[in-house]
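In: sequence isn't available, so here's the structure alone:
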């Protein structure tokens, strides 16, 4: 009876509502079954195990599913459980496709255990096709375990090397991607290097043979050979054997049969890994990979191919020639920008160009002539578009080369580095200044330009005069980009976000074209903003802080204005367009907030450009409400998750102008207060809460900003925790209330006063006693409300009621903390 009661409780715990309880219940049940299988009645065992396979294995909680698989592995340690589990285990096979990698890894551990248990067959638990699919696509740790599982079948050590190679090739032909990953991990899972060397020779031989293979199979063979080469090259003896196997003639033939980018990338990887000497004839082919790079920034396979070609150039000592070829092309595009847009080329370009007639330019001259013949029928505009697209690909390559230490050092030591910098400068100017006007302009030249500038500063590489300092490159780049941005902002302000060009037919008035150009503009400014933040974090923008803050503010104003314009014009945007815009918005906000955060941490409050910082934080708040207002609550709620980590920094920046002020006399008057649109939104929210009965329009507006209300609530909670910061930020809201009173905007006055006196502090809160700056501002508001409530400001009975409501909110605080203190002071005197 006691035993039945215990198992009844176990079953109840297995189905408990709490996931943590179910996890412990599964582990405990498996342990009990493992230890006491012989004494537990068969119906009870069947019932508990059925719960494992029918409920626990499909549980919504990852930890429960993981504990189920782990518990079954533990239970298999008792041989008496095998007969029952042999029937039920196929039901767990579906977990090899589980969304959680830890569960998939546990299933592969289970399969490895079953492989060594007699009468169990792992392929009956998970089908071979599913295993191969998982091997091809899953994470390395899971793919490695599946390789270990399949090794005795597809590359066994107990058969001849010829037979083992034959089985592996069968696997590669059946599933090229899975076969390639099998070869990637075969060495680490116990396959002998001698056998793998034999397999490498067989793979190369099969690729070069006359056997009919499709492109996917050839790619699988070459990728497999590339993985084997990586493992074999670690041993000196096998490295020599690899070099002997790969003659120049074989390499050229391999290139000719490799039709896909991944296959060609694999050959490049083999060459760079083995540092082959017999690759001189392949120089032109490899150079072709890196110069025919139109569309490279969006093509992952082509990127892998180009990166492998870079390794070949570096390992063979051709890097300088390769880089000069790339820079030479960039100079040609820079000259095209000079012709098309009238951009100055820079003084150094002419001298640099004379050095470009090198080995690289001579070797590709024939290919360049063929390319020019193909383009001869194109117009000058078409030719510029094609060349610019290649320049974008070269810009991607420069960024990629700067990621690796070896290629970065080689680039920084190149004699054409300054020429690269100057060419990118011209192309970047065109990309920034004309990004609204031409939708084909790209952000990669700007990104490469800024990234190269940072590394030149870090390596103390100077440009221009010999007397230039370490920061000279940074100063030149930053000043140049800010000037370019000023041109865009100036044109945007004068022409209301539209660049009109009567002489160029590239522009259209369609919403789609406008959307593309605006999106490109925001992406371009975001790249500049990223550069500013990185340079500021490195303390390289000491002389440009005000301009950097102004640029960030203007960028956010540009974004907000265009969000409003899209909403007013009711342009039909696809979901993909909206997602693209949203990514830009998140990046822009994050970089703006990060810039404020860095300046607040690294600069003394007295040296922080307070006016510019205050303007920037207000624009960040404007962006928050604009996203929700113009893109809807869904995007607004997602945007809030980006905003929340930066709320403390926003609060400090908002109150930075007043944090060092000790007395009310130091506080600026309301005439100098900055008023931003987000204050009016906050006031409207407060008004709708203040009025018990509001119009439908008021209620709708309140709901529209429910995401913003979460940020306001978080701000209020943080402010209440620190009196000094509360005083500095609270006076900002009160100064804006004074500004609203001056402009007879009584809705905003009442809303902000309600927020301060109800949400931030409260009329009966004793903390008012320490808020000297806020009390001084509040007293000024109360005095003006008292004087003007019946005369100059009130134009209607409704206005009179609003003013009276504001006075009613202020009066308890004024009476308790201002009037009484003043009276007591007079009595003492």
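Out: Nice, I can see it. Note that the structure is predicted; figures quoted are calculated from it, not measured.
In: measure residue 527 to residue 86 for me?
Out: In this structure, residue 527 and residue 86 are 60 Å apart, going by CB to CB, to the nearest Å. For every residue, glycine as well, the C-beta is placed using N, CA and C.
In: what do you get for residue 530?
Out: Distance of residue 530 to residue 86, given as CB to CB: 58 Å.
In: between these two, who's got more neighbours?
Out: residue 530 (19 against 16; other CB atoms under 10 Å).
In: element containing that one, please.
Out: When elements are assigned from DSSP states H and E, residue 530 belongs to helix 511-537.
In: can you name every helix or strand that that helix contacts?
Out: In this structure, helix 511-537 makes packing contacts with helix 417-433, helix 444-458, helix 472-495, helix 545-569, helix 575-602, judged by 3 or more CB pairs under 8 Å, 6 or more residues apart in numbering; DSSP states H and E.
In: which of those helices is buried the deepest?
Out: Between the helices and strands packed on helix 511-537, helix 417-433 has the highest mean count of neighbours, a mean of 25, where neighbours are mean count of other CB atoms under 10 Å.
In: now it: how far from the chain's centre is it?
Out: What separates the centre of helix 417-433 from the centre of its chain is 25 Å, taken as CA atoms, centre = their mean, to the nearest Å.
In: quickly find the element holding residue 762.
Out: Taking DSSP H and E as the definition, residue 762 sits outside all helices and strands.
In: same question but for residue 305, I mixed them up
Out: Counting by DSSP H and E, the element that carries residue 305 is helix 300-315.
In: show residues contacting that helix.
Out: With contact meaning CB atoms under 8 Å, 6 or more residues apart in numbering, helix 300-315 is reached by 260-262, 264-269, 271-272, 275, 279, 282, 286, 289-290, 293, 295-296, 318-319, 321-322, 396-397, 400-401, 406-407, 410.
In: how about a cut-off of 6 Å?
Out: Contact with helix 300-315 is made by 261-262, 264-265, 268-269, 271-272, 275, 286, 289-290, 296, 319, 322, 407, as judged by CB atoms under 6 Å, 6 or more residues apart in numbering.
In: drop anything exposed from those.
Out: Of the members of the contacts of helix 300-315, the ones counted as buried by neighbours, 16 or more other CB atoms under 10 Å, are 261-262, 264-265, 268-269, 271-272, 286, 289-290, 296, 319, 322, 407.
In: check the burial of residue 339 by counting its neighbours.
Out: Residue 339 is flanked by 10 other residues according to other CB under 10 Å.
In: helix 417-433 and the helix or strand hosting it, what's the angle between them?
Out: Counting by DSSP H and E, the secondary-structure element that holds residue 339 is helix 319-341. Relative orientation of helix 319-341 with respect to helix 417-433: 30 degrees, computed using axes from the mean of the first three to the mean of the last three CA atoms, to 10 degrees.
In: buried ones in helix 319-341?
Out: So for helix 319-341, counting by 16+ other CB under 10 Å, buried means 319-331, 333-338, 340.
In: so which elements touch it?
Out: helix 359-363, helix 380-401, helix 417-433 (3 or more CB pairs under 6 Å, 6 or more residues apart in numbering; DSSP states H and E).
In: for residue 523, find the nearest of those helices.
Out: Shortest separation from residue 523 across the helices and strands packed on helix 319-341 is recorded for helix 417-433, at 10.3 Å, computed as CB to CB.
In: the closest one - contacts with which helices or strands?
Out: With contacts defined as 3+ CB pairs under 6 Å, 6+ apart, helix 417-433 has these neighbours: helix 319-341, helix 348-353, helix 444-458, helix 472-495.
In: got those as TSV, with mean pLDDT and distance to residue 733 columns?
Out: What follows is the helices and strands packed on helix 417-433, written out as TSV (pLDDT from 0 to 100; distance: least, CB to CB, whole Å):
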stretch	mean pLDDT	distance to residue 733
helix 319-341	93	47
helix 348-353	44	53
helix 444-458	93	38
helix 472-495	86	29
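In: make CSV out of the ones you listed and add distance to residue 70.
Out: CSV is the format used below for the helices and strands packed on helix 417-433 (distance: least, CB to CB, whole Å):
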stretch, distance to residue 70
helix 319-341, 51
helix 348-353, 64
helix 444-458, 46
helix 472-495, 55
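In: out of those helices, nearest to residue 172?
Out: When those are compared by CB to CB, helix 319-341 sits nearest residue 172, at 32.7 Å.
In: orientation of the closest one relative to helix 444-458 in degrees?
Out: In terms of direction (the same axes, to 10 degrees), helix 319-341 departs from helix 444-458 by 130 degrees.
In: how far off centre is helix 319-341?
Out: For helix 319-341 - counting by CA atoms, centre = their mean - the centre lies 30 Å from the chain centre.
In: what do you get for stretch 232-245?
Out: The chain centroid and the centroid of stretch 232-245 are separated by 40 Å under CA atoms, centre = their mean.
In: contacts for it?
Out: Contacts of stretch 232-245 with the rest of the structure, by CB under 6 Å, 6+ apart, involve 193, 197, 201, 273-274, 276.
In: from those, which one has the minimum pLDDT?
Out: In terms of pLDDT, the least confident member of these is residue 276, at 65.
In: does residue 616 sit in a helix or strand, and which one?
Out: Assigned by DSSP H and E, residue 616 belongs to helix 610-631.
In: quick one: list the elements packing against that helix.
Out: Under the contact criterion of 3+ CB pairs under 6 Å, 6+ apart, the helices and strands touching helix 610-631 comprise helix 545-569, helix 633-643, helix 647-654, helix 677-690, helix 706-719.
In: would a markdown table of those helices with distance to residue 30 be doable?
Out: Listed next are the helices and strands packed on helix 610-631 as a markdown table, based on distance: least, CB to CB, whole Å:
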| stretch | distance to residue 30 |
| --- | --- |
| helix 545-569 | 56 |
| helix 633-643 | 39 |
| helix 647-654 | 46 |
| helix 677-690 | 55 |
| helix 706-719 | 44 |
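In: can you put these in JSON lines and add distance to residue 243 and mean pLDDT?
Out: Shown next, in JSON lines, are the helices and strands packed on helix 610-631 (distance: least, CB to CB, whole Å; pLDDT from 0 to 100):
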{"stretch": "helix 545-569", "distance to residue 243": "53", "mean pLDDT": "85"}
{"stretch": "helix 633-643", "distance to residue 243": "52", "mean pLDDT": "92"}
{"stretch": "helix 647-654", "distance to residue 243": "57", "mean pLDDT": "93"}
{"stretch": "helix 677-690", "distance to residue 243": "67", "mean pLDDT": "88"}
{"stretch": "helix 706-719", "distance to residue 243": "63", "mean pLDDT": "92"}
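In: quick one: closest of the ones you listed to residue 227.
Out: Of all the helices and strands packed on helix 610-631, the one in closest proximity to residue 227, counting by CB to CB, is helix 633-643 (39.6 Å).
In: relative orientation of that closest one and helix 706-719 in degrees?
Out: Between the axes of helix 633-643 and helix 706-719, defined by the same axes, to 10 degrees, the angle is 30 degrees.
In: ok, residues contacting helix 633-643?
Out: Contact with helix 633-643 is made by 582, 586, 624, 627-628, 707, 710-711, as judged by CB under 6 Å, 6+ apart.
In: one step back: buried stuff in the helix holding residue 616?
Out: Residues of helix 610-631 classed as buried: 610, 612-631 (neighbour count, 16+ other CB under 10 Å).
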